[in-house]
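# The sequence and its predicted three-dimensional model are supplied below.
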Amino acid sequence: MALIYVLKEEGAALKKNEAIVTFNCPVQANFDFELESVRTCNSCGGQVIRTESFSCLPVDLVPGGSVQDSLDQYFKPCELEVRCQYCGGQQASVVQKFQSLPRVLLLQVKRFSYNVRRGKLVKLQDQLKISPDLNLGTHSVTKVQPPRPIDPSARSQYKISSVVSHIGSSINHGHYVSDSLDGSDRWLSFDDDIVQERAQEKVLQKRGDRAYLLFYEHR
């Protein structure tokens, strides 16, 4: 994940270089999206609307659930204790939606959690059903901005294209492997210098308890 932010910083630096006429940061062009956050006071109904840009969406593991379930969980309305600037009320509800969509949606599965009893970070090896397709329609504003190039028929549909998994029982050891879609139906698994061809069904099933980063392409 650190690489994503390093690339964005380097891209910003290159844009400031007068010798470079045009430069499109690959991270911004492919991964960036905007979320609209609407905070509504429970007392007076006053609203505060804020828009932020992101490159990755961190999602929680839902017991026995799928990636779509984790995404739905992220966008559930939540209650917040905050003072209203209009009436002084102390309770508000917050709803988030996509204002713009990325060409590639990057999801980071929260597989590491702090264990209070043990006093350290532990790895969560819960099974996750990796959804081959995602629909962001219900989590988008009415006039959501699609990625370019625009395919009018695609709308808010995404298809799995790559999975990065952490192999190991602890945050302190193990290594990462990658499974990526090559073309339209062939998957390749990369484990150091070993490359193997696999079926999509096998990849999604095998990586269910290890998937850490999930890449979904807009289609």
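Received it, and whenever you're ready, just let me know what you need.

# What's the local residue count around K76?
9 (other Cβ atoms under 10 Å). Any C-beta I mention is one placed from the backbone N, CA and C, and that applies to glycine too.

# Not counting stretch 171-185 itself, show me its contacts.
Stretch 171-185 has contacts (Cβ atoms under 8 Å, 6 or more residues apart in numbering) with 112, 121-123, 160-168, 187-192, 198, 200, 203, 207, 212.

# What residues of it count as buried?
V177, D179, L181 (16 or more other Cβ atoms under 10 Å).

# Same question for stretch 65-81.
So, applying 16+ other Cβ under 10 Å, buried residues of stretch 65-81: G65, S66, V67, Q68, D69, S70, L71, D72, F75.

# for stretch 118-134, same thing?
Buried residues in stretch 118-134 (16+ other Cβ under 10 Å): K123, L128, K129, I130, S131, L134.

# Pull up the distance across it, start to finish.
36 Å (Cα to Cα, to the nearest Å).

# which residues sit against it?
Against stretch 118-134 from outside (Cβ under 8 Å, 6+ apart): 61, 63-71, 105, 109-115, 157-160, 163, 166, 168-171, 200, 204, 207-211, 214, 216.

# same check, this time on stretch 49-69
With Cβ under 8 Å, 6+ apart as the criterion, stretch 49-69 contacts 1, 4-5, 8, 27-28, 31-39, 70-71, 73-74, 99, 102, 105-111, 124, 126-131, 134-135, 214.

# Quick one: the buried residues of stretch 65-81 as a markdown table, columns for secondary structure, distance to P147 and pLDDT too.
Converted to a markdown table, the buried residues of stretch 65-81 look like this (DSSP: H, G, I helix; E, B strand; the rest coil; distance: Cβ to Cβ, whole Å; pLDDT from 0 to 100):
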| residue | secondary structure | distance to P147 | pLDDT |
| --- | --- | --- | --- |
| G65 | coil | 27 | 97 |
| S66 | strand | 23 | 98 |
| V67 | helix | 19 | 98 |
| Q68 | helix | 20 | 97 |
| D69 | helix | 24 | 98 |
| S70 | helix | 22 | 98 |
| L71 | helix | 17 | 97 |
| D72 | helix | 21 | 97 |
| F75 | coil | 19 | 98 |
